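# One predicted model, sequence on top.
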Amino acid sequence: METIIETRYALDTFYFLVCAALVMWMAAGFTMLEAGLVRAKNTVEILTKNVALYSIACLMYMLIGYNLMYPAEGINGFWPGIDWLLSATDHSPEAVLASGGEIYYSGLSDFMFQVVFVATAMSIVSGAVAERMKLWSFLAFAVFLTGFIYPLQGYWSWGEGFLDGLGYSDYAGSGIVHMAGAAAALAGVLLLGPRQGRFGPDGRARAIPGANLPLATLGTFILWMGWFGFNGGSELAISSVESANNVARVFVSTNAAAAAGLVAALLVARSAFGKADLTMALNGALAGLVSITAEPLAPSPAQAALIGAVGGGLVVGSIVLLDKLRIDDPVGAISVHGTCGIWGVLIVLWTNDGATWSGQLAGLAVIGGFVFAASLVFWAILKATTGLRVHPEDEAAGLDHVDCGMEAYPEFVATGSGD
């Protein structure tokens, strides 16, 4: 019996860590996607933002966020008890055996899995505010979101706070991670305003093509692969027949939703624009992934594909609608993660008998409302102090030169020397 418990503990811990590595790889996916969809003159800056936000998220969640989100003892289900120091110790063999299997994975592996989720939420913000936000204002907001906003709303649900008590169901975070990131992004975009030249005098949207669509496509495939860890790891175990079967089901649902989302977005774009729009197809795959994230276990493969397909259609319509509202999102992050995050949370009711309208609507209202309001306040403080937007001349020149002093593609930049 002791050998069985130890083996299950080791296997589940290893699985948790592998899934954490897959989700960490999603940071590379977001980086490549965003670098491909911005203009060449802003590439180095977007790369800098992504490596920096990941590092900030890891440090802030280690120092503050994890203890806020998963406190040892809660107070009234709204504000958690706080342990300000994260211990480096873990479960002893004696404690694992004494638990009789109740302790089934390493506590530090749980931290590692959770920390990459908060980085994902912050990555969503990066693409939406690209090409016109001050680098250091963005990084200041990253400190606030990853250390306080995300962990607090995460505690209300995954940390067994009051949303959990209301029955809010969100398996891997369509609302907790994706909609939350989109709400923070929307607050920033509204205060920031659109890029120069994005909308004409008549208010109509003008396309600003990205510099490297092969890179954006690679980023999408990386995100697709990383999502297997994102959703599959949320089963939290793999050492029993039931959990292993559940993980396989989650993988199949995740893949089916992404594939159907891409095909649906491609078809809707072809119908609406007369062309096979690659960027819409890429966002369709991500929309399918976000849509299935709230409940990838309960649906059949066919149901998962349908959920993803609806998400793929929704994202095209959402991107067009935001353009009409003059809300400039260079990579479509608000539509992918916000619109489809809401859809994902609501469609849980179709496949999960334990979910309720009251619980799902409460989760959407509380998470979306809190993250948007808290982010809006902090963005406003930054706007009034350090400022949010770069100078118009700097925006025209490109943020690579202004913030980083280097070019991503120097061989394609005219030097005037005749070379």
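Nice, I can see it.
# other SSEs contacting the helix or strand where Ala183 lies?
Using DSSP states H and E, Ala183 falls within helix 180-192. Judged by 3 or more C-beta pairs under 8 Å, 6 or more residues apart in numbering; DSSP states H and E, helix 180-192 is in contact with helix 107-128, helix 333, helix 357-384. Where you see a C-beta, it was placed from the backbone N, CA and C, and this is true even at glycine.
# can you rerun that using 6 Å?
Judged by 3 or more C-beta pairs under 6 Å, 6 or more residues apart in numbering; DSSP states H and E, the packing partners of helix 180-192 are helix 107-128, helix 357-384.
# Run through who's touching it.
Residues from elsewhere that reach helix 180-192, judged by C-beta atoms under 6 Å, 6 or more residues apart in numbering: 121, 124-125, 128-129, 133, 145, 327, 333-334, 337-338, 367-368, 371-372, 375-376, 379, 383, 388-389.
# Kindly recompute the last result at 8 Å.
120-125, 127-129, 132-133, 141, 145, 149-150, 153, 327-329, 333-334, 336-339, 341, 367-368, 371-373, 375-376, 379-380, 383, 388-389 (C-beta atoms under 8 Å, 6 or more residues apart in numbering).
# again with stretch 207-217
Stretch 207-217 is contacted by residues 32-33, 35-40, 43, 195, 197-198, 278-279, 282, 330, 409 when judged by C-beta under 8 Å, 6+ apart.
# Give the buried residues for that stretch.
Neighbour counts over stretch 207-217 (16 or more other C-beta atoms under 10 Å) mark 208, 210-212, 215-217 as buried.
# What is the end-to-end distance of that stretch?
One end of stretch 207-217 sits 19 Å from the other (C-alpha to C-alpha, to the nearest Å).
# ok now it, how far from the chain's centre?
Relative to the chain's own centre, stretch 207-217 is displaced by 20 Å; criterion: C-alpha atoms, centre = their mean, to the nearest Å.
# what angle separates the longest helix belonging to the chain from helix 107-128?
Longest helix in the chain by number of residues (criterion: DSSP state H): helix 2-37. Relative orientation of helix 2-37 versus helix 107-128 (axes from the mean of the first three to the mean of the last three C-alpha atoms, to 10 degrees): 10 degrees.
# Next secondary structure element downstream of helix 2-37?
Taking DSSP H and E, what comes next after helix 2-37 is helix 43-60.
# who does the helix or strand just after that following helix touch, helix- and strand-wise?
Counting by DSSP H and E, the next helix or strand C-terminal to helix 43-60 is helix 66-69. Helix 66-69 sits against strand 79-80, helix 107-128, helix 150-157, with contacts defined as 3+ C-beta pairs under 8 Å, 6+ apart.
# List the buried residues in the second one.
Think helix 107-128. 108-128.
# Point out the other helices and strands that it packs with.
helix 2-37, helix 43-60, helix 66-69, helix 135-144, helix 150-157, helix 180-192, helix 333.
# same question, the last one
Packed against helix 150-157, as judged by 3+ C-beta pairs under 8 Å, 6+ apart, are the following elements: helix 66-69, strand 79-80, helix 107-128, helix 162-165, helix 357-384.
# how does it look with 10 Å?
When contacts are defined as 3 or more C-beta pairs under 10 Å, 6 or more residues apart in numbering; DSSP states H and E, helix 150-157 sits against helix 43-60, helix 66-69, strand 79-80, helix 107-128, helix 162-165, helix 180-192, helix 357-384.
# Reformat those as TSV; add mean pLDDT and distance to Arg270.
Formatted as TSV, those follow (pLDDT from 0 to 100; distance: least, C-beta to C-beta, whole Å):
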stretch	mean pLDDT	distance to Arg270
helix 43-60	97	29
helix 66-69	88	43
strand 79-80	50	49
helix 107-128	94	24
helix 162-165	96	40
helix 180-192	98	26
helix 357-384	98	31
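# Just put these in TSV and tack on distance to Ala294.
Listed next are the helices and strands packed on helix 150-157 as TSV, based on distance: least, C-beta to C-beta, whole Å:
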stretch	distance to Ala294
helix 43-60	22
helix 66-69	18
strand 79-80	23
helix 107-128	14
helix 162-165	13
helix 180-192	13
helix 357-384	9
